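>>> predicted model and sequence below, questions to follow.
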Amino acid sequence: MARFGGFNGGGMNMQQMMKQAQKLQEQMAQAKEELEEARVTGTSGGGAVTVTLSGSKRFISISIKPEVVDPDDVEMLEDLITAAANEAYAEADELVKNSPLSKLGGAF
(Lines give C-alpha, C1' and ligand atoms only; values in the text may rest on other atoms or scores of the structure.)
Protein backbone atom coordinates (compact mmCIF):
# COMPACT_ATOMS: atom_id res chain seq x y z
CA MET A 1 0.00 0.00 0.00
CA ALA A 2 1.37 3.43 -0.93
CA ARG A 3 2.05 6.02 1.68
CA PHE A 4 1.12 9.62 1.09
CA GLY A 5 4.06 11.92 1.64
CA GLY A 6 4.28 12.91 5.25
CA PHE A 7 1.01 11.59 6.67
CA ASN A 8 2.52 8.34 7.93
CA GLY A 9 6.21 9.13 7.68
CA GLY A 10 7.66 11.73 10.01
CA GLY A 11 4.86 14.20 9.31
CA MET A 12 1.71 15.21 11.09
CA ASN A 13 -1.15 12.74 11.20
CA MET A 14 -4.67 13.73 10.24
CA GLN A 15 -5.85 13.99 13.84
CA GLN A 16 -3.01 16.38 14.70
CA MET A 17 -3.83 18.47 11.64
CA MET A 18 -7.48 18.68 12.65
CA LYS A 19 -6.55 19.74 16.19
CA GLN A 20 -4.23 22.42 14.83
CA ALA A 21 -6.93 23.69 12.45
CA GLN A 22 -9.48 23.82 15.27
CA LYS A 23 -7.04 25.73 17.48
CA LEU A 24 -6.41 28.22 14.67
CA GLN A 25 -10.16 28.72 14.19
CA GLU A 26 -10.57 29.36 17.92
CA GLN A 27 -7.74 31.91 17.89
CA MET A 28 -9.28 33.69 14.90
CA ALA A 29 -12.71 33.79 16.56
CA GLN A 30 -11.18 35.24 19.73
CA ALA A 31 -9.26 37.87 17.75
CA LYS A 32 -12.44 38.88 15.89
CA GLU A 33 -14.32 39.19 19.18
CA GLU A 34 -11.56 41.35 20.65
CA LEU A 35 -11.69 43.64 17.62
CA GLU A 36 -15.46 43.96 17.89
CA GLU A 37 -15.15 44.93 21.55
CA ALA A 38 -12.31 47.40 20.99
CA ARG A 39 -13.18 51.07 20.50
CA VAL A 40 -11.35 53.68 18.45
CA THR A 41 -12.17 57.35 18.07
CA GLY A 42 -11.47 60.09 15.62
CA THR A 43 -11.85 63.77 16.41
CA SER A 44 -11.82 67.00 14.47
CA GLY A 45 -12.28 70.68 15.13
CA GLY A 46 -10.31 70.48 18.35
CA GLY A 47 -12.67 67.87 19.77
CA ALA A 48 -15.83 69.49 18.41
CA VAL A 49 -16.75 66.27 16.60
CA THR A 50 -15.90 62.79 17.84
CA VAL A 51 -16.68 59.57 15.96
CA THR A 52 -16.39 56.20 17.70
CA LEU A 53 -16.03 52.88 15.87
CA SER A 54 -15.50 49.31 16.95
CA GLY A 55 -12.16 47.77 16.06
CA SER A 56 -14.02 45.90 13.32
CA LYS A 57 -15.04 49.29 11.85
CA ARG A 58 -18.67 49.20 12.97
CA PHE A 59 -20.03 52.70 13.62
CA ILE A 60 -20.79 53.12 17.34
CA SER A 61 -21.49 56.80 17.94
CA ILE A 62 -20.94 60.42 17.04
CA SER A 63 -20.70 63.38 19.39
CA ILE A 64 -21.08 66.96 18.15
CA LYS A 65 -20.61 69.97 20.40
CA PRO A 66 -23.55 72.37 20.03
CA GLU A 67 -21.32 75.38 19.32
CA VAL A 68 -20.25 73.91 15.95
CA VAL A 69 -23.83 73.55 14.73
CA ASP A 70 -24.35 76.60 12.55
CA PRO A 71 -27.39 76.40 10.26
CA ASP A 72 -25.70 78.91 7.96
CA ASP A 73 -22.57 76.74 7.59
CA VAL A 74 -23.69 73.12 7.31
CA GLU A 75 -20.75 72.39 5.02
CA MET A 76 -18.26 73.04 7.83
CA LEU A 77 -20.07 70.55 10.08
CA GLU A 78 -20.09 67.98 7.28
CA ASP A 79 -16.35 68.48 6.83
CA LEU A 80 -15.75 68.04 10.57
CA ILE A 81 -17.77 64.81 10.63
CA THR A 82 -15.94 63.48 7.58
CA ALA A 83 -12.54 64.30 9.07
CA ALA A 84 -13.40 62.67 12.41
CA ALA A 85 -14.78 59.57 10.69
CA ASN A 86 -11.69 59.24 8.48
CA GLU A 87 -9.44 59.51 11.53
CA ALA A 88 -11.46 56.83 13.35
CA TYR A 89 -11.29 54.51 10.34
CA ALA A 90 -7.52 55.02 10.13
CA GLU A 91 -7.26 54.10 13.82
CA ALA A 92 -9.39 50.99 13.22
CA ASP A 93 -7.18 50.02 10.26
CA GLU A 94 -4.11 50.30 12.48
CA LEU A 95 -5.78 48.25 15.21
CA VAL A 96 -6.67 45.50 12.72
CA LYS A 97 -3.18 45.59 11.21
CA ASN A 98 -1.63 45.03 14.65
CA SER A 99 -4.19 42.50 15.87
CA PRO A 100 -3.52 38.80 16.32
CA LEU A 101 -6.00 38.22 13.50
CA SER A 102 -3.65 39.69 10.91
CA LYS A 103 -0.84 37.52 12.22
CA LEU A 104 -3.09 34.45 11.85
CA GLY A 105 -3.70 35.34 8.23
CA GLY A 106 -7.41 36.01 8.64
CA ALA A 107 -9.28 38.49 6.52
CA PHE A 108 -11.66 40.58 8.55
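Looks like it arrived, so ask away.

>>> C-alpha only now, for contacts and for neighbours.
Fine.

>>> can you tell me the centre-most residue of the chain?
Ser56 (3.2 Å; CA atoms, centre = their mean).

>>> ramachandran angles for it?
Phi and psi for Ser56, reported as degrees, to the nearest 10, are phi -90, psi 10.

>>> residues in contact with it?
For Ser56, the contact set (CA atoms under 8 Å, 6 or more residues apart in numbering) comprises Lys32, Leu35, Glu36, Ala38, Ala92, Val96, Phe108.

>>> turn these into JSON lines, including neighbour count.
Below are the contacts of Ser56 laid out as JSON lines (neighbours: other CA atoms under 10 Å):
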{"residue": "Lys32", "neighbour count": "21"}
{"residue": "Leu35", "neighbour count": "21"}
{"residue": "Glu36", "neighbour count": "15"}
{"residue": "Ala38", "neighbour count": "15"}
{"residue": "Ala92", "neighbour count": "25"}
{"residue": "Val96", "neighbour count": "21"}
{"residue": "Phe108", "neighbour count": "12"}
